[in-house]
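Trainee: Next one to model:
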Amino acid sequence: MTKVQFKTYNQGQISLFPSRLDERFPEDSPVRLINSIVDNLIINDLISTYESGGTTPYNPRMLLKVVFYSYMNNIYSCRKIAKVLEENIHYMWLSDSQYPSYSTINRFRSEHLKENINKLFVQVVMLLVDMGQISLEVQYVDGTKIESVANKYTFVWKKSTEKNKSKLEKKIHSILSQIEEGIAQDNTGITEETCLPIDSETLRQRIEELNRSNKEKSQAEKRQIKELEKHQSKLKEYEQKLDILGSRNSYSKTDVDATFMRMKEDAMKNGQTKPGYNVQIGTENQYITNFGLYHTPADTTTLESFINLHKARFGSLPKELCADAGYGSEENYELLENNQIEAFVKYNYFHKEQKKAFRENPSLQENLYYNEKENYFVCPMGQHMEFIGKKKHTSDNGYVTYLSLYKARNCKGCPMRGQCHKSEAERIIQVNHKLREYKHKARQRLKSAEGLQHRSRRPIEPEAVFGQIKFNKQYKRFRHKGWQKVNMDLGILIMAFNLQKLYNKNSKQAAKTKTNATQNRLVFVFFIFFLNQKLNLTESKTKIAA
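Mentor: The predicted structure follows:
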């Protein structure tokens with residue numbers, strides 16, 4: 001029996017001419033794409049964040065390549081990145097066999113990339129424009145909530161803080177009254193005038209005045225002044241909390257930039273709020289062309305800031321914008337119209353009003369006849385609903401809208417009253433004429449051929465991108481605290497996502513081209529074979545005839 005021969009196996013042998021690491025992976029590997037793109041990025045601002053002196057730092061371009069490639073491969077932890085640098089030849093090639101520690105990688109992200117993430121993102125997007133992948137003329141906008149790393153039980157609520165602050169102010173006024181008047185007053189004896197808001201600085205000055213007074217103080221007065229000092233520190237704490245809250249309704253003590261919101265990923269299925277951020281993105285061909293972080297849970301109030309962010313980054317605004325009903329407000333329609341952006345934006349009840357039950361319900365406000373010339377509506381029974389006044393409403397952004405009020409003359413004994421309204425008095429409707437006009441324009445755009453195309457594409461644009469980020473990239477929770485660091489981490493993820501999308505599309509195109517070339521070669525071979533068979537057959541017939 002022949003002896004089995006194995007390949008040489010000698011772990012301790014030293015190669016005289018070591019091979020290059022990049023010989024071990026193909027030419028179309030994604031690591032080469034990352035290497036090539038980062039080599040062409042302008043990183044002067046990133047380099048300027050380093051100071052001379054001390055030990056020689058790692059090359060920021062090398063660290064940028066490593067971070068991008070790690071995020072492309074769903075590796076977000078600095079410790080894991082440091083580990084793969086020692087185990088994976090792709091990372092070894094990118095780093096030139098240098099092994100920065102996890103703390104070095106963390107400092108690079110937090111201290112150097114934090115201020116320059118926006119400029120790098122713009123360069124990557126403009127690279128995609130130059131390659132013809134996107135045009136920046138169309139944008140599909142949507143938002144999602146991503147949970148913060150903050151503790152979900154360290155919440156501070158605005159209403160609770162204001163309520164406790166008001167109670168504390170009453171106590172302070174009560175003690176001040178007792179000290180100044182020298183009479184023990186009950187809390188019920190406090191007048192409304194003495195309960196005016198008082199700030200911590202004013203209270204501190206009052207306490208200093210009381211301590212400087214020449215009057216000999218009793219033990220009770222000393223206790224009261226000491227109590228005031230405790231209340232002053234608590235009052236200052238409430239003021240600091242309200243200052244952090246601003247227009248928000250809550251924040252987390254462990255991440256003051258995170259707001260409590262309801263998340264789609266609700267494991268307990270009880271609607272529990274968790275600290276997080278509202279992430280807004282704009283996409284085109286499933287590339288992310290714009291992104292922003294917001295404290296407000298609603299998408300409606302974010303659009304103005306979002307398109308201004310787009311203009312600040314790229315110097316222009318998109319020509320067309322498509323979004324869901326969460327953005328369909330008077331404020332947003334007016335904003336897009338003033339900026340000459342064609343808005344394919346739905347509004348509430350857009351799909352509902354297409355149904356037969358909605359269209360044939362005569363009591364709905366949307367179906368009432370309106371006489372624009374004489375400014376009145378006609379109820380289902382033919383009664384005129386006359387204009388009785390206007391109502392003003394201010395949004396969270398400070399945008400003012402006006403609602404026109406119309407009242408029916410007499411609803412008593414009307415056979416349709418039960419279907420029309422449930423009030424015991426005459427029916428009153430509130431109509432926003434400006435919004436009605438915007439909805440009419442939006443309806444026409446959304447039902448047009450172009451609108452149908454945008455509506456069919458919107459679910460596979462930002463919604464599909466969010467699905468890929470959360471489930472394919474396993475990015476369901478932020479790993480940093482504070483708006484700047486969270487924005488930095490999200491920016492790296494988005495750039496890595498875009499580069500991976502570019503690689504995937506190029507790979508598919510190359511595979512398609514290769515398949516087409518193979519098919520062409522097969523067709524050519526079959527054609528040659530068929531031609532030879534035909535020639536042979538003709539030659540045989542000629543011989544037979546001869």
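
Trainee: got the contact list for Asn367?
Mentor: Arg359, Asn361 (CB atoms under 8 Å, 6 or more residues apart in numbering). Just so you know, the C-beta spots here come from the backbone N, C-alpha and C atoms, and that holds for glycine as well.

Trainee: got the residue ranges for the helices in the stretch 301-450 of the chain?
Mentor: Residue ranges of the helices in the stretch 301-450 of the chain, as given by DSSP state H, counting those that start in this stretch, are 303-314, 330-338, 356-359, 417-420, 433-447, 449-457.

Trainee: quick one: which of those helices is nearest Asp28?
Mentor: helix 449-457 (28.9 Å; CB to CB).

Trainee: Can you give the domain ranges for this protein?
Mentor: 21-113, 156-252, 363-447 (automatic domain parsing).

Trainee: still on that earlier bit, can you list the helices of the stretch 301-450 of the chain in a markdown table and add distance to His173 and mean pLDDT?
Mentor: Converted to a markdown table, these look like this (distance: least, CB to CB, whole Å; pLDDT from 0 to 100):
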| stretch | distance to His173 | mean pLDDT |
| --- | --- | --- |
| helix 303-314 | 41 | 95 |
| helix 330-338 | 41 | 95 |
| helix 356-359 | 56 | 90 |
| helix 417-420 | 52 | 82 |
| helix 433-447 | 46 | 94 |
| helix 449-457 | 59 | 94 |
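
Trainee: want to throw these into TSV with distance to Lys230?
Mentor: As requested, these are exported to TSV (distance: least, CB to CB, whole Å):
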stretch	distance to Lys230
helix 303-314	41
helix 330-338	45
helix 356-359	61
helix 417-420	59
helix 433-447	52
helix 449-457	61
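
Trainee: just so I know, which of those helices lies nearest Arg248?
Mentor: Closest to Arg248 of the helices of the stretch 301-450 of the chain is helix 303-314 (CB to CB; 14.8 Å).

Trainee: still on that earlier bit, what's the closest of the domains of the chain to Val345?
Mentor: Going by CB to CB, the one of the domains of the chain nearest Val345 is domain 363-447, 6.2 Å.

Trainee: residues contacting Val66?
Mentor: Ile81, Leu85, Tyr91, Leu94, Ser95, Pro100, Ile105.

Trainee: quick one: it from Val38, how far?
Mentor: Per CB to CB, to the nearest Å, Val66 is found 10 Å from Val38.

Trainee: next one: Arg427
Mentor: For Arg427, the distance to Val38 - CB to CB - is 66 Å.

Trainee: Same question for Leu435.
Mentor: According to CB to CB, Leu435 stands 48 Å off from Val38.

Trainee: The two: which is more packed in?
Mentor: Per other CB atoms under 10 Å, whichever of Leu435 and Val38 has more neighbours is Val38, with 24 against 19.

Trainee: Can you tell me the closest non-neighbouring residue to the more buried one?
Mentor: When the adjacent residues along the chain are set aside, Val38 lies closest to Lys65, with 4.7 Å between them (CB to CB, 6 or more residues apart in numbering).

Trainee: quick one, phi psi at that neighbour?
Mentor: With angles defined as degrees, to the nearest 10, Lys65 sits at phi -60, psi -50.

Trainee: mind checking the SS state of Ser135?
Mentor: Ser135 carries the three-state label coil when classified by DSSP: H, G, I helix; E, B strand; the rest coil.

Trainee: does Phe466 sit in a helix, a strand or a coil?
Mentor: Under three-state DSSP, Phe466 falls in the helix class.

Trainee: Show the model's pLDDT score for it.
Mentor: Note on Phe466: pLDDT of 95.

Trainee: same thing with Lys269?
Mentor: pLDDT, Lys269: 68.

Trainee: residue boundaries of the strands in this protein?
Mentor: Assigned by DSSP state E, the strands in the chain fall at 138-147, 155-157, 250-252, 259-262, 273-284, 287-294, 320-323, 342-345, 369-371, 376-378, 384-394, 400-408, 428-431.

Trainee: so which of the helices of the stretch 301-450 of the chain comes closest to Gln232?
Mentor: helix 303-314 (37.4 Å).
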